[in-house]
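In: got a sequence here, can you model it:
(one chain, ligands or ions: 2)
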Amino acid sequence: MEHAAIHKRPKRAPVLTNYESECAAFSWAKARAQLAGLPGGRGLNIAHEALDRHLETPTADKIALRCLPKSGPPIDLTYRALAHYSARFANLLGRLGVAPGERVFALAGRIPALYGAALGALRHRAVFCPMFSAFGPEPVQQRLALGDGRVLVTTPALYQRKVLPIRARLPGLRHVLLTGCVPGNALPPDTLDLDALLAAEKSEHEIAPTRPDDPALLHFTSGTTGAPKGALHVHEAVVAHVATARYALDLQADDVFWCTADPGWVTGTSYGIVAPLALGVTSIIDEAEFEPRRWYELLERERVSVWYTAPTAVRMLIKAGSALARERRLPALRFIASVGEPLNAEAVRWGLEAFDLPIHDNWWQTETGGIMIANYAALPIKPGSMGKPLPGIEAAIVRREGERVQVVAPGDEGELALRPGWPSMFRAYLNEDARYQKCFVDGWYLSGDLARKDADGTFWFVGRADDVIKTSGHLVGPFEVESALMSHPAVLEAGVIGKPDPIAGAVIKAFVALKPGFERSDALARELLGFARTRLGPAVAPKEIAFTDALPKTRSGKVLRRLLKARELGLPEGDLSTLEPEK
Ligand code: ATP
Ligand code: MG
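Out: Numbers count the residues shown, from 1 in each chain. Ligands and ions are numbered 1, 2, ... in the order given. Have a look, this model is predicted:
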C-alpha cells in the first residue's frame, strides 16, 4: 500500500540537486580525487583525511568533536587537538611494538579517548575495532578472541567488570591501556595508564605510506540473525564515507551534525567519526543514553542541523509525544535521516508533525560500510520506502538460480543485490572465508535482505531472508504486516513471526507493544486482527496476537524476531551477545 509522496522543500540548497545527472556523472575515481591523499602520493589513510589534511586550513581550530559527558561541562576538541591526541596515540603504539595490521580494540563509552584512539590506531595502520561498552564479559571475550586483539583501550571500571574475568583466556591481548585512572590509585596488574603514557609522547606523527586496500576497521554485525560476524574494511572506505555522507545526509562543512549511533556499530564509526571529520564538520558526541526530553534539549542547545538516528529512537520519541518536540525551538535543524531497520510510513510522517521535517530512511549494512540506498533532501519521499541507490551504486532485485542470478521484473520481490566495487565494501568476514565467498554470486553481492523495486526505481524493504514467512503458498515479509499493525493508533511497535502449522505451513503471529494510554484486552486483540485483515487481506494478516511490554532488540535497536520465534517454539535462544537487557 503506497502513501502519498512527501515533498518538502529543503531549507538550503542540497548537495545533490539532480539525482539522475549526478548518477550519470559520478565515478568513484572522481570521488577519490576529491580527497587529499597522503602527501607525495603515498597512498590514502583515513586519519589523514579526517585530521591532518585540515591542519593547514582554518578548519584546524574549528571544533571537531563537542563531547557531552554524562555529567560536567562539554569537552570541545578542535581538529588540531584531535590530531595531536591521535599522533600521541600512534607514537605510543609504535613504542609498544604494535605492528601495522594488528588489532586495537576499544571498550569504552562515547568519551574523547575512544575517538582519539580510533584515529591514532588508523594513523599507525593498525586495525581499529570498537566494541559497545555495555557488552558483558562473554561478548567482549568472543570478539577479542575472534579478532585476535593485541591492544585494548578501556576504563578502569569497565576493565574490572568485563575484562578481568576473561583476561586469562586472551593470551594474545598484550597491552591493556586504561584511560581515566584516578591519580594515586594503584593500577590493576598487567595494565598501563594510557593518559600518563600519552602525556609523554610527541604530538607530531607522520603517517607512513598506506595502501588504499590496507585493512583499517573491523566491525561486528548486530547479531540479529545469528552470531555476529566480523566484517573487515579498508582505508579507501573513506572515499565512500565522504561521498555518501554528502549525498544521503546532505552533510556540508558548516553543519552541526549529530549521529546518535555508538561507534560499537558501524554507523557510529562511518558516520560518527570518519565522514563528518573528513568533511570538516562539528559533531556532537553524547555520552549519555536515550532520554526524549534531554535529546530535544540537546538538539535545541547545540543547534544541530543534520541529525542521523534510528527507527527505534524515533519510535521512542513518538511514544513520548510530539508536543515535547514542539516545546523546543529548532530553527537550525534542517535534515533528519534514519538507518538500521525499516522506517514505517507513520514514522516518516511523524517527523513532519514534530519537526516540520520528514525523516529520510536509508539502507545499508555493516558489510557495505556506507549508505547504499537513500531518500534524498531534493527528492520527494515515498513514505515507507528506502529510496534510491546512491550515485556509484548499482542495486537490483534478483533471484538466485543455482550459480546464476536473475534480475526480477519491477514490482517483484527478490533479494537485494549490489554490484561489487564500491570502496567501503567489506573485504572479509574474519576467519570465515567460505561464508564471505558465498555472498558473491554471478557478479553480484547478495545482501540477505528481500526487497522490491518499483517502476520508478524506488526500493521497498520486505524483510530479511531469514524472517520471511511462507504461509499457505504466500511469501510474507514481516515488515508489511508490522507496518499495517503500526498504522493502528494503539500500536507502538510490532514484531511478526511464522509459527509452524500443519496445514498452512506457517501461520503469522504478531507480538504487539501498545502506546501509553491503551490497555491490553481480548477486544483490542480482536480489533487489531480485524484491522490487519482489512488492510492486508486474509492470506497475509496475522492469525494470532500477543501483547508484550516491549520487543526484544539488539543493542543497536533491531527487533530480534529469531528470539520471539525461539521463545514461542521453545527452541534454544541462540547467540544473545547483542541482546539489549529486557526491562
Ligand atoms: P546480523 O548480520 O549479525 O544478523 P544485522 O544484519 O542486523 O545483524 P547490521 O549490519 O548492523 O547487522 O544491520 C544491517 C541490516 O539492518 C540490513 O541487512 C537490514 O536487514 C537492516 N536494515 C538496515 N537499514 C535498514 C532500512 N533502512 N530498512 C530496512 N532494514 C534495514
Ligand atoms: Mg546482517
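
In: helices along the stretch 451-583 of the chain, start to end?
Out: Assigned by DSSP state H, counting those that start in this stretch, the stretch 451-583 of the chain shows helices spanning 478-486, 522-536, 561-569.

In: who's in contact with the spatially most central residue of the chain?
Out: Residue closest to the average C-alpha location in the chain (CA atoms, centre = their mean): residue 267, at 3.0 Å. Applying CB atoms under 8 Å, 6 or more residues apart in numbering to residue 267 gives the contacts 259, 261, 308, 310, 339-340, 556. Backbone N, C-alpha and C define where each C-beta goes, glycine included.

In: in CSV: those, plus secondary structure and neighbour count.
Out: CSV is the format used below for these (DSSP: H, G, I helix; E, B strand; the rest coil; neighbours: other CB atoms under 10 Å):
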residue, secondary structure, neighbour count
259, strand, 29
261, coil, 22
308, strand, 27
310, coil, 23
339, coil, 27
340, coil, 24
556, coil, 25
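
In: which of those residues are close to ligand 1?
Out: 339-340, 556 (CB under 6 Å from any ligand atom).

In: want to try CSV for the residues you listed, with pLDDT as columns?
Out: Shown next, in CSV, are those (pLDDT from 0 to 100):
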residue, pLDDT
339, 97
340, 95
556, 83
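
In: switch the residues you listed over to JSON lines; also include distance to residue 98.
Out: JSON lines is the format used below for these (distance: CB to CB, whole Å):
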{"residue": "339", "distance to residue 98": "33"}
{"residue": "340", "distance to residue 98": "33"}
{"residue": "556", "distance to residue 98": "29"}
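
In: out of those residues, flag the one nearest to residue 423.
Out: The closest of the ones next to ligand 1 among the contacts of residue 267 to residue 423 turns out to be residue 339 (CB to CB; 18.8 Å).

In: residues touching the closest one, list them.
Out: Per CB under 8 Å, 6+ apart, neighbours of residue 339: 267, 308, 310, 361-364, 371.

In: now do the strands in the stretch 51-200 of the chain.
Out: For the stretch 51-200 of the chain, applying DSSP state E, counting those that start in this stretch gives strands covering 63-68, 75-78, 103-107, 127-131, 149-154, 175-178, 192-193.

In: follow-up on the earlier one: right, and the helix or strand after the helix or strand hosting the residue nearest to the centre of the chain?
Out: Assessed by DSSP states H and E, residue 267 sits inside helix 266-269. Downstream of helix 266-269, the first helix or strand assigned by DSSP H and E is helix 275-278.

In: what pairs with the helix or strand just after that following helix, and is each one parallel or antiparallel?
Out: Sequence order places strand 282-286 as the next helix or strand after helix 275-278, per DSSP H and E. Neighbouring strands of strand 282-286 in its sheet, by DSSP bridges, are strand 63-68 (parallel), strand 256-259 (parallel).

In: now the end-to-end length of stretch 174-187.
Out: Stretch 174-187 has an end-to-end distance of 16 Å (CA to CA, to the nearest Å).

In: give the buried residues for it.
Out: Buried residues in stretch 174-187, counted by 16 or more other CB atoms under 10 Å: 175-179, 181.

In: ok, stretch 277-289 next?
Out: Quick answer for stretch 277-289 (16+ other CB under 10 Å): 277-287.

In: can you add pLDDT and distance to ligand 1 and give those back as a markdown table?
Out: Putting the buried residues of stretch 277-289 into a markdown table (pLDDT from 0 to 100; distance: CB to the nearest ligand atom, whole Å) gives the following:
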| residue | pLDDT | distance to ligand 1 |
| --- | --- | --- |
| 277 | 98 | 22 |
| 278 | 98 | 22 |
| 279 | 98 | 22 |
| 280 | 98 | 27 |
| 281 | 98 | 22 |
| 282 | 98 | 26 |
| 283 | 98 | 21 |
| 284 | 98 | 22 |
| 285 | 98 | 20 |
| 286 | 98 | 20 |
| 287 | 98 | 22 |
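
In: any idea which of the residues you listed is closest to residue 168?
Out: Closest approach between the buried residues of stretch 277-289 and residue 168, by CB to CB: residue 287, at 30.6 Å.

In: got the phi/psi numbers for the closest one?
Out: Backbone torsions of residue 287, given as degrees, to the nearest 10, read phi -80, psi -30.

In: pull up the residues of the stretch 251-400 of the chain that are close to ligand 1.
Out: Within the stretch 251-400 of the chain, the residues that sit near ligand 1 (CB under 6 Å from any ligand atom) are 265, 339-342, 361-363, 365-366, 386.

In: these in strands, which ones?
Out: 361-363 (DSSP state E).

In: okay, whatever residue of the stretch 301-450 of the chain ends up closest to ligand 1 and residue 239: tell me how far apart.
Out: Here the stretch 301-450 of the chain gets closest to ligand 1 at one residue, residue 366, 3.4 Å apart by CB to the nearest ligand atom. In this view, residue 366 and residue 239 are 18 Å apart by CB to CB, to the nearest Å.

In: and those two? Which one has more around it.
Out: The neighbour comparison of residue 366 against residue 239 (other CB atoms under 10 Å) goes to residue 239, with 26 against 20.

In: where does the more buried one land on pLDDT?
Out: As predicted, residue 239 sits at a pLDDT of 98.

In: with residue 1 instead?
Out: At residue 1, pLDDT is 52.

In: please apply the same query to the one 5 residues further on.
Out: Each residue has a pLDDT score; the one for residue 6 is 95.

In: in this structure it contacts residue 383, no?
Out: Yes - in this structure residue 6 lies within contact range of residue 383 using CB atoms under 8 Å: 6.2 Å.

In: mutual contacts of those two, please.
Out: Counting by CB under 8 Å, 6+ apart, the residues touching both residue 6 and residue 383 are 348-349, 358.

In: same question for the helix ranked longest in the chain: list its buried residues.
Out: Taking DSSP state H as the criterion, the chain has its longest helix at helix 79-95. When burial is assessed from 16+ other CB under 10 Å, helix 79-95 yields the following buried residues: 79-94.

In: any idea how far stretch 93-104 is from the chain center?
Out: Its chain's C-alpha centre and that of stretch 93-104 lie 27 Å apart, by CA atoms, centre = their mean, to the nearest Å.

In: measure that stretch end to end?
Out: So stretch 93-104: terminal residues 9 Å apart, CA to CA.

In: near ligand 1, which residues of the protein? Just list them.
Out: 221-226, 228-229, 265, 339-342, 361-363, 365-366, 386, 447, 449, 461, 464, 556, 558.

In: sorry, back to before: which of the residues of the stretch 251-400 of the chain next to ligand 1 tops the neighbour count?
Out: Most neighbours among these, by other CB under 10 Å: residue 361, with 29 neighbours.

In: okay, now the residue nearest to that one when sequence neighbours are not counted: neighbour count?
Out: Of all residues not flanking residue 361 in the chain, residue 343 sits nearest, at 3.9 Å (CB to CB, 6 or more residues apart in numbering). Applying other CB under 10 Å, we find 29 residues neighbouring residue 343.

In: now residue 443
Out: If you count neighbours by other CB under 10 Å, residue 443 ends up with 10.

In: residue contacts, residue 97?
Out: Here residue 97 is in contact with no residue (CB under 8 Å, 6+ apart).

In: how close does it get to residue 202?
Out: Taken as CB to CB, the span from residue 97 to residue 202 is 17 Å.

In: for stretch 387-399, measure first residue to last.
Out: Stretch 387-399: ends 21 Å apart by CA to CA.

In: so how far is it from its chain's centroid?
Out: 19 Å.

In: buried ones in that stretch, by neighbour count?
Out: For stretch 387-399, a neighbour-count test (16+ other CB under 10 Å) marks 387-393, 395-398 as buried.
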